[in-house]
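Participant: Please find the sequence and the predicted model below.
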Amino acid sequence: MNTRSKFQLMARAGYGARGIVFLMIAAIALFSSFAGSKPDTNSALETILQQPFGRIWIGLIGVGLAGFVVWRLAQSLANADGQDNDMKGYAIRAALFGSAITYAGLAMTSLLMALQMSGGGGSGGEKGLAAWVMAQPFGRYLAGIIGIGFVIGGIVTALKGIRRKFGRYLDLDAEKNSPAVLISIYGLVARGLVFGIIGVFFLYAAFTVDPDQAGGMADALAWVQSLPFGGIIYAVVAVGLAAFGVYNFVEARYRHINAPEAGDLRRHLPIGGTN
């Protein structure tokens, strides 16, 4: 297997690992009254850890997510997707770099849990991020910028589904109403909605100068559940997160993986680079 094939395998394994995490989040959300856990990434990992051979599964997910981080870096730093050199292209690549940082933390958590060096708890997630950001100079403004980023990301993600823009990156006809396409649309819209709510929480935290007002996926779902007819909306969104998990499997199978040349990515990384 050559280097390019190995890179493609790594990226596809990463999409698969992310899909498993989101399926677990959706399952916890739908059965939270029985599971007693919050529907977030840490709870999803802890649930997997409690299953037979849990440490092995968590380790494999951690390795898969590490591969996903490398792919995100290739997309953002080496422009593996061939984004245009304009403001829109740079914004997309910046968002992909932010995704790389997020999943790097999740991959590290998974691997530490597999090695029994972490219980998966702690003050991570969006609340931990908000607390750290607001402790910095001009922190409330940084939190506001992050909130705006989440809101814009949510809108873009939802529109990516509604307008079927995801088909640009798939070896799949997104104009046909196949089950894979319809599930992908549903999942992207649900994920975009949750992103947008998290962004509003960050903006409110910045406005009140209170990092505890920031919220993550579990808080966003809890807010949805508090709305009129919230139980129904909550179930629709939770199933949508499961659909987003399935969408990751669709990407694992059909995504165009344009592996960059080894030197292209290495030049942008702090290890072995020339910058």
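Facilitator: Yep, that arrived. Not measured: the values here are computed from a predicted model. Numbering: from 1, shown residues only.
Participant: hang on, residue 227 in a helix?
Facilitator: No. According to DSSP: H, G, I helix; E, B strand; the rest coil, residue 227 belongs to no helix; its state is coil.
Participant: Pretty sure residue 236 is one of the things it touches, is it not?
Facilitator: No. Here residue 227 lies out of contact with residue 236, judged by CB atoms under 8 Å, at a distance of 11.5 Å. C-beta: built from backbone N, CA, C; applies to glycine.
Participant: Same drill for the two, tell me which one is more crowded.
Facilitator: When residue 227 and residue 236 are compared for neighbours, residue 236 comes out ahead with 14 against 11, by other CB atoms under 10 Å.
Participant: Can you give me every residue that contacts that one?
Facilitator: Contact analysis of residue 236 by CB atoms under 8 Å, 6 or more residues apart in numbering lists residue 190.
Participant: List the buried residues of stretch 81-92.
Facilitator: Neighbour-count burial for stretch 81-92 flags 81, 83, 92 (criterion: 16 or more other CB atoms under 10 Å).
Participant: measure residue 87 to residue 54 for me?
Facilitator: Residue 87 sits 45 Å away from residue 54, going by CB to CB, to the nearest Å.
Participant: Now residue 192. Its backbone dihedrals?
Facilitator: phi -60, psi -40 (degrees, to the nearest 10).
Participant: Which of the buried residues of stretch 81-92 fall within strands?
Facilitator: When DSSP state E defines the strands, the subset of the buried residues of stretch 81-92 inside them is empty.
Participant: Show the average pLDDT along stretch 243-250.
Facilitator: For stretch 243-250, the mean per-residue pLDDT is 96.
Participant: for stretch 56-66, same thing?
Facilitator: Averaging pLDDT along stretch 56-66 yields 93.
Participant: for stretch 151-165, same thing?
Facilitator: pLDDT averaged over stretch 151-165 gives 93.
Participant: same question, stretch 229-239
Facilitator: 91.
Participant: Same check on stretch 196-209?
Facilitator: 87.
Participant: Okay, and the closest residue to residue 197 other than its chain neighbours sits in which element?
Facilitator: Nearest residue to residue 197, sequence neighbours excluded (CB to CB, 6 or more residues apart in numbering): residue 220, at 3.9 Å. For residue 220, the enclosing helix or strand under DSSP states H and E is helix 217-225.
Participant: Does anything pack onto that helix? Which helices or strands?
Facilitator: helix 179-208, helix 230-254 (3 or more CB pairs under 8 Å, 6 or more residues apart in numbering; DSSP states H and E).
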